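**Student:** Kindly return the folded structure for what I paste below:
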Amino acid sequence: MPFAEINGQRVHFQDSGGEGLALVFSHGILMDHEMFAAQQELDREFRVITWDARGHGLTESDGRPFSYWDQARDCLGLLDHLEIEQAALIGVAEGGLTSVRAALLAPDRIVALALISTLPGEESPRAREFYGQMFGRWLTEGPIDELTTVFAALTINEPGENARWIAKWRERDRELVAEPATCLLEREDISERLRQIRCPAVVMYGTADPLFGAQEAEELSEALRYCFGVVPIDGGAHATPLTAPEQVNGALAHFLSEI
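**Tutor:** Below is the predicted model:
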């Protein structure tokens, strides 16, 4: 399995290789590179790269607190490791928060952004309370059915995939959720900085997503100076690349062909 030593972390990644534009896919909380299995078909035209963020998947992190800025530097460090000068970033939820920060840190290296189910601002008080209680119980009680079934329903909502990811969560050390949860809950609002992003962007959302809807997508699109618009993924859940891959892949291919 390929790993890269980046910023004191042993980062796991997958790289399809090839000469096309590099696409770096970043996942959301409690997910990993496997959520982008269906995006591998894009390697017929692009170089598809997926990776596991700190505290997720096969990446071996140092266990210290981190922010999405740190993860953005990990993403850019992965580009350095692979000797890639420029890339397009595709981020889902918290992966979008990482991708946005990478675009702010290295504007000359990021040529396009696709943001899926991404909320750049702070969580609402209600959401903060919900996530705080859920992750607090996850740490003390482990990934019990009451927690995993609710989280899977909110983010995936497809019976077969729900069961597969719940099984993955049960196999992981409960303590690994601590730093990703803190990172999520204590992130700062960078909405005002989105106008600084110079690359073309597109925003996607699943029409069946209970966490991020049309209003949030339109607000994000308007905040991005060079956004090509909003793409609704019909029937898609929060993790749309996993649950509605054909629509997402088609929208990505169309967006990238236009830029």
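
**Student:** From the chain's centre, how far out is stretch 142-153? Work that out for me.
**Tutor:** How far stretch 142-153 lies from its chain's middle: 20 Å, per CA atoms, centre = their mean, to the nearest Å.

**Student:** what do you get for stretch 21-28?
**Tutor:** Taking mean C-alpha positions (CA atoms, centre = their mean), stretch 21-28 and its chain are 8 Å apart.

**Student:** you'd agree Leu154 is in a helix?
**Tutor:** Yes. Assessed by DSSP: H, G, I helix; E, B strand; the rest coil, Leu154 belongs to a helix.

**Student:** Tell me how many other residues crowd Ser221.
**Tutor:** As a burial measure, Ser221 scores 18 neighbours (other CB atoms under 10 Å). Any C-beta I mention is one placed from the backbone N, CA and C, and that applies to glycine too.

**Student:** looking at it, it is touching Val230, isn't it?
**Tutor:** Yes. Counting by CB atoms under 8 Å, Ser221 does reach Val230; the two are 4.9 Å apart.

**Student:** Give the residues shared as contacts by those two.
**Tutor:** Val203 (CB atoms under 8 Å, 6 or more residues apart in numbering).

**Student:** which residue is nearest the middle of the chain?
**Tutor:** Closest to where the C-alpha atoms of the chain average out (CA atoms, centre = their mean) is Gly95, at 2.2 Å.

**Student:** wait, what's in contact with that residue?
**Tutor:** Applying CB under 8 Å, 6+ apart, we find Gly95 in contact with Phe25, Ser26, His27, Gly28, Ala53, Thr118.

**Student:** Most widely separated two among those residues?
**Tutor:** Spatial extent of the contacts of Gly95 (CB to CB) is set by the pair Ala53 and Thr118 at 14.3 Å.

**Student:** Tell me which of those two has more neighbours.
**Tutor:** Set Ala53 next to Thr118 and count neighbours by other CB under 10 Å: Ala53 wins out with 29 against 25.

**Student:** wait, that one sits on Phe66?
**Tutor:** No. Using CB under 8 Å, Ala53 makes no contact with Phe66, being 9.1 Å away.

**Student:** how far out from the middle of the chain is the longest helix seen in the chain?
**Tutor:** Assignment by DSSP state H gives helix 125-141 as the longest helix of the chain. Helix 125-141 has its C-alpha centroid displaced from the chain centroid by 20 Å (CA atoms, centre = their mean).

**Student:** what about Ala201, how many neighbours?
**Tutor:** Counted with other CB under 10 Å, Ala201 comes out at 28.

**Student:** list the buried ones in the helix or strand in which Phe13 is found?
**Tutor:** Secondary structure assigned from DSSP states H and E places Phe13 in strand 9-15. For strand 9-15, the neighbour count (16 or more other CB atoms under 10 Å) marks Gln9, Val11, His12, Phe13, Gln14, Asp15 as buried.

**Student:** State the distance from the fifth one to Val230.
**Tutor:** Which is Gln14. Distance, Gln14 to Val230, by CB to CB, to the nearest Å: 29 Å.

**Student:** How about the fourth one?
**Tutor:** With the distance defined as CB to CB, Phe13 ends up 30 Å from Val230.

**Student:** ok, now the third one?
**Tutor:** Applying CB to CB, one obtains 32 Å for the distance of His12 from Val230.

**Student:** show me what contacts Gly121?
**Tutor:** Contacts of Gly121 (CB under 8 Å, 6+ apart): Asp189, Ile190, Ser191.

**Student:** With Asp74 instead?
**Tutor:** Contacts of Asp74 by CB under 8 Å, 6+ apart are Ile6, Asn7, Gln9, Val11, Ala53, Arg54.

**Student:** And Leu224, by the same measure?
**Tutor:** With CB under 8 Å, 6+ apart, Leu224 has these contacts: Leu113, Leu194, Arg195, Ile197, Ala201, Val203.

**Student:** Likewise for Leu78?
**Tutor:** Ala4, Ile6, Val11, Phe13, Val24, Ile49, Trp51.

**Student:** repeat that with 6 Å
**Tutor:** Phe13, Trp51 (CB atoms under 6 Å, 6 or more residues apart in numbering).
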